[in-house]
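Undergrad: Sequence plus predicted model, see below.
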Amino acid sequence: MTTPSQHTPTPAPPAPSDFIRDIVAAHVAEGRYPRIHTRFPPEPNGYLHIGHAKSICLNFGIAREFGGVCNLRMDDTNPAKEDVEYVDSIMADVNWLIDGWAGDRLGMKPLGATPQAIESNGRKDYFLPPVVGQGGGAKLEPFYASDYFDEIYEYAVALIEKGRAYVCDLSPQDTDSYRGAPDRPGKESPWRERGIAESLDLFRRMKAGEFPDGARTLRAKIDMTAPNVWMRDPVLYRIRHTEHHHTGAKWTIYPMYDFAHCLSDYLEGITHSICTLEFEVHRPLYDWILESLALPRPLPHQYEFARLSLAFTVMSKRKLLQLVNDKVVTGWDDPRMPTISGLRRRGVTPEALRHFAYNIGITKYNGITDLAVLEHAIREDLNRRAWRRLAVLRPLKVVLTNYPEDKTEELDAVNNPEDPAAGSRRIPFGRALYIDADDFMETPPPKYFRLRPGGEVRLKYAYIIKCDEVVKDAAGKIIELRCTADLDSKAGGATAGRKIKGAIHWVSAAHAIDAEVRLYDRLFTVAEPDAAGDFKEHLNPDSLEVLTAKCEPALREAKPELRYQFERLAYFALDPASAPGKPVFNRTITLRDTWAREKQKG
RNA sequence: UGCCCGAUGGUGUAACGGUAGCACAACAGACUCUGGAUCUGUUUGUCAUGGUUCAAAUCCAUGUCGGGCAGCCA
């Protein structure tokens, strides 16, 4: 037995090319920016999912490929929906996904840091540079849009002073009806031409908390007849007497996404602000705000790509939250969830997720990615790293009638045929064994080459056995097989080279350890669960099956950071809920099963 | 039906006016002490109609289909 490792990373695919990277490459070529600077800006109102993983891989991938930086920023402008639990999970998930890959590109900031007043091109300016690559030993934290509320407020005042924003007293309902519709122009607010001094005063009093929620808003003065509804005097600030998870009770007014986001990008010196397609119609507003403020440094620009849609999966945070709240799953990190934490708990590695993200590409086309693409990336990765182990999920007892009662021997078995450096272990063998019930059929169909009455099969790493007798209980259920072993057929033996079509896995009954195994399957039965109607009507009732497996003793030392292949079955990872002597294995993904396909063909 | 965006095999993506390629899937075979992995091969595609051009997936026009936009959400 050697001391092996699992350090056989799947070779990284070549850096991808896509329309956004083409733009960045052109900017690098023309020397447009001193440094490429992207950001990943989730709202802390839920856990990150595999769609976010696509965005993380894009933003950090660009930083990595072009020698830039990617800031992690909490886009926390709506205190009603956000929570520190989500902030913590986001940091953990991002770090897990980029560690050892783009961890050295991660932009954070010193704990408590806020934008510094500086002078740029002879004008007053604010700037908050990143600390890159988490080093230095200093206490760091992610960026928070809410750390910019002072500056954003000041920018709002500047907009009012320029006559480009006004305080509006319209009720939420009236604001809505005045906006018009996509095919119908809006109507100007009666407060639109209110004097600058009056707006300034009212805005100051909004900040002071003098007015109740919804009483007034700050609005940009653009064009109520614009064909793009987001240019119809959009709300910039709203009143919310709500405590914020990061700023506490300091504020009673909060900036809207459109106002805060472009300014956050600017304050951090972002060059390429990459988001999903639904923000495409917001881009004119993004540019309008920054240009109206006549800021002294180069402006960031927004680029949009198609979000990920995965077959048999729901991706909206609202729906995922519903699954959690309705206890359809055990939590955000349930291994059936498409969340990063769920995939991690299931046993998927960061490498597999990154390779998946690379393989699906970046476009502006809203397609649905086949689950097989994800599954392939997972299998490809796990095949290279997972240690092979023998485990029997549905035990059927086998007694070797010609094998001595009291004899035990130990057989050599390699840990990973893909990786000689992974070494080997010994597996105990004895007279009484378990094999999987699926590996025996009394009256098998054609092309079945596992065990059958009178037939032979190879016990992996051990002997060739022949089935002599099928023992049944009173109900006719098969409870035991009585077999004889070809005692010369193990490795090195005289008949070891005999060609036997089938090789099956097994464990020694006397040495087997029990383990709980959780067999996960897709959560939904249809490819597009949220295409129409209630997505919960398409839940897969068999998305989880729990069994007690018989495992080879080496699995007693299973480690949560390692991956295992139960030979001929599936890849498994130890669940964090495991206790000493009470292992729990999550099935990450089954092996490809061409026999199952063959059977289906009938 | 106002504005914006998109359309390449079954799915996802490449080709940037010059041979339609890759991945996944599917199928067939080789190999195999995992019906795994690996290897070989095969099938299937430029939304439509015009135009520009020696040459169009690519440029232009029109149409068709799909997606997005009317939160004081992000």
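TA: Perfect, thanks for sending it.
Undergrad: Show me how chain A divides into domains.
TA: A:150-255, A:317-387+A:514-601, A:391-505 (automatic domain parsing).
Undergrad: Columns distance to RNA strand B and mean neighbour count on top of these, output as TSV?
TA: From N, CA and C alone the C-beta is placed, and that goes for glycine too. Converted to TSV, these look like this (distance: least, CB to the nearest atom of the strand, whole Å; neighbours: other CB atoms under 10 Å):
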stretch	distance to RNA strand B	mean neighbour count
domain A:150-255	3	17
domain A:317-387+A:514-601	3	18
domain A:391-505	4	16
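Undergrad: can I get these in JSON lines with distance to residue A:139 and mean pLDDT?
TA: JSON lines is the format used below for these (distance: least, CB to CB, whole Å; pLDDT from 0 to 100):
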{"stretch": "domain A:150-255", "distance to residue A:139": "16", "mean pLDDT": "97"}
{"stretch": "domain A:317-387+A:514-601", "distance to residue A:139": "24", "mean pLDDT": "96"}
{"stretch": "domain A:391-505", "distance to residue A:139": "39", "mean pLDDT": "97"}
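Undergrad: Tabulate the ones you listed (a markdown table), appending distance to residue A:120.
TA: Shown next, in a markdown table, are the domains of chain A (distance: least, CB to CB, whole Å):
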| stretch | distance to residue A:120 |
| --- | --- |
| domain A:150-255 | 14 |
| domain A:317-387+A:514-601 | 32 |
| domain A:391-505 | 54 |
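Undergrad: Identify the residues contacting the one helix or strand residue A:22 maps to?
TA: According to DSSP states H and E, residue A:22 maps onto helix A:19-29. Outside helix A:19-29, the residues that touch it by CB atoms under 8 Å, 6 or more residues apart in numbering are A:15, A:33, A:36, A:58, A:62, A:65-66, A:271-272, A:274, A:303, A:305, A:362-364.
Undergrad: Report the two of those residues separated the most.
TA: Pairwise distances across the contacts of helix A:19-29 peak at 24.3 Å for A:33 and A:363 (criterion: CB to CB).
Undergrad: Which other helices and strands does the next helix or strand after the helix holding residue A:22 contact?
TA: Where DSSP H and E defines the elements, the next helix or strand beyond helix A:19-29 is strand A:37-40. The criterion is 3 or more CB pairs under 8 Å, 6 or more residues apart in numbering; DSSP states H and E, and the helices and strands that strand A:37-40 contacts are helix A:50-65, strand A:69-74, strand A:272-276.
Undergrad: Sort out which residues of the shortest one are buried, please.
TA: So the one you mean is strand A:272-276. A:272-275 (16 or more other CB atoms under 10 Å).
Undergrad: now swap in the longest one and tell me
TA: Of the residues in helix A:50-65, those buried by neighbour count under the rule 16+ other CB under 10 Å are A:50-65.
Undergrad: OK, contacts around the residue nearest to the spatial centre of chain A?
TA: The centroid of chain A falls nearest to residue A:340 when counting by CA atoms, centre = their mean (2.7 Å). Residue A:340 makes contact with A:47-50, A:52-53, A:93, A:96-97, A:353 under the criterion CB under 8 Å, 6+ apart.
Undergrad: and the two most separated of those?
TA: A:47 and A:353 (14.5 Å).
Undergrad: any chance you could map the helices in the stretch 251-400 of chain A?
TA: Counting by DSSP state H, counting those that start in this stretch, residue ranges of the helices within the stretch 251-400 of chain A are A:257-267, A:283-292, A:317-325, A:340-346, A:350-360, A:371-385.
Undergrad: Looking at those helices, spot the one closest to residue A:593.
TA: Here helix A:371-385 is closest among these (CB to CB), at 11.5 Å.
Undergrad: Please list all residues in contact with residue A:456.
TA: A:464-467, A:486, A:500.
Undergrad: With adjacent residues omitted, what lies nearest to it?
TA: residue A:466 (4.8 Å; CB to CB, 6 or more residues apart in numbering).
Undergrad: so that neighbour sits in a strand?
TA: Yes. Residue A:466: assigned to a strand according to DSSP: H, G, I helix; E, B strand; the rest coil.
Undergrad: ok, back up a step: okay, the buried residues of strand A:272-276 in a markdown table with distance to RNA strand B next?
TA: Below are the buried residues of strand A:272-276 laid out as a markdown table (distance: CB to the nearest atom of the strand, whole Å):
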| residue | distance to RNA strand B |
| --- | --- |
| A:272 | 17 |
| A:273 | 13 |
| A:274 | 14 |
| A:275 | 9 |
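Undergrad: Can I get those residues in CSV including pLDDT?
TA: Compiled in CSV, the buried residues of strand A:272-276 are given as follows (pLDDT from 0 to 100):
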residue, pLDDT
A:272, 98
A:273, 98
A:274, 98
A:275, 98
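Undergrad: And those residues, which is closest to residue A:163?
TA: Among the buried residues of strand A:272-276, residue A:273 lies closest to residue A:163 (CB to CB), at 26.9 Å.
Undergrad: SS state for residue A:426?
TA: Residue A:426 is classified as strand under three-state DSSP.
Undergrad: That one contacts residue A:410, doesn't it?
TA: Yes. Residue A:426 is within contact range of residue A:410, at 4.1 Å (criterion: CB atoms under 8 Å).
Undergrad: Could you report the neighbour count for residue A:510?
TA: Neighbour count of residue A:510, defined by other CB atoms under 10 Å: 12.
Undergrad: do the same with residue A:292
TA: 18.
Undergrad: That one contacts residue A:160, correct?
TA: No. Contact criterion CB under 8 Å: residue A:292 and residue A:160 do not qualify, at 11.1 Å.
Undergrad: those strands in the stretch 101-250 of chain A, which residues are they?
TA: For the stretch 101-250 of chain A, the strands defined by DSSP state E, counting those that start in this stretch cover A:106-110, A:116-120, A:123-127, A:131-132, A:140-141, A:143-144, A:165-168, A:217-220, A:235-239.
Undergrad: Let me fix that, I meant to ask about the stretch 351-500 of chain A.
TA: With strands called from DSSP E, counting those that start in this stretch, the stretch 351-500 of chain A shows them at A:387-389, A:391-392, A:395-400, A:409-414, A:424-429, A:432-436, A:456-459, A:464-472, A:478-486.
Undergrad: Of these, which is nearest residue A:559?
TA: Of those, nearest to residue A:559 by CB to CB is strand A:387-389, at 10.0 Å.
Undergrad: could the contacts of residue A:456 go into a markdown table alongside distance to residue A:542?
TA: Formatted as a markdown table, the contacts of residue A:456 follow (distance: CB to CB, whole Å):
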| residue | distance to residue A:542 |
| --- | --- |
| A:464 | 36 |
| A:465 | 33 |
| A:466 | 36 |
| A:467 | 31 |
| A:486 | 39 |
| A:500 | 34 |
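Undergrad: Of those, which is the nearest to residue A:262?
TA: residue A:500 (68.3 Å).
Undergrad: just checking, that closest one touches residue A:464?
TA: Yes. Shown here, residue A:500 and residue A:464 form a contact pair, counting by CB under 8 Å, at 5.5 Å.
Undergrad: Now list whatever residues contact both of the two.
TA: Jointly contacting residue A:500 and residue A:464 under the rule CB under 8 Å, 6+ apart are A:456-458.
Undergrad: which residue sits closest to residue A:222, ignoring its sequence neighbours?
TA: Leaving out its chain neighbours, the residue that sits closest to residue A:222 by CB to CB, 6+ apart is residue A:231, at 4.8 Å.
Undergrad: Next, find the distance separating the one you found from residue A:180.
TA: From residue A:231 across to residue A:180, the span is 12 Å (CB to CB, to the nearest Å).
Undergrad: For stretch A:315-333, report the contacting residues that lie outside it.
TA: Contacts of stretch A:315-333 (CB under 8 Å, 6+ apart): A:45-47, A:49-51, A:89, A:307-309, A:314, A:334, A:336-339, A:341-342, A:344-345, A:523, A:530, A:535-536, A:539.
Undergrad: redo that, cut-off 6 Å
TA: With CB atoms under 6 Å, 6 or more residues apart in numbering as the test, stretch A:315-333 has contacts from A:46-47, A:49, A:51, A:336-337, A:339, A:341-342, A:345.
Undergrad: With stretch A:419-438 instead?
TA: Applying CB under 6 Å, 6+ apart, the contact partners of stretch A:419-438 are A:1-2, A:4, A:8, A:392-396, A:398-400, A:403, A:405, A:408-416, A:462, A:504, A:506-511, A:550, A:552, A:554.
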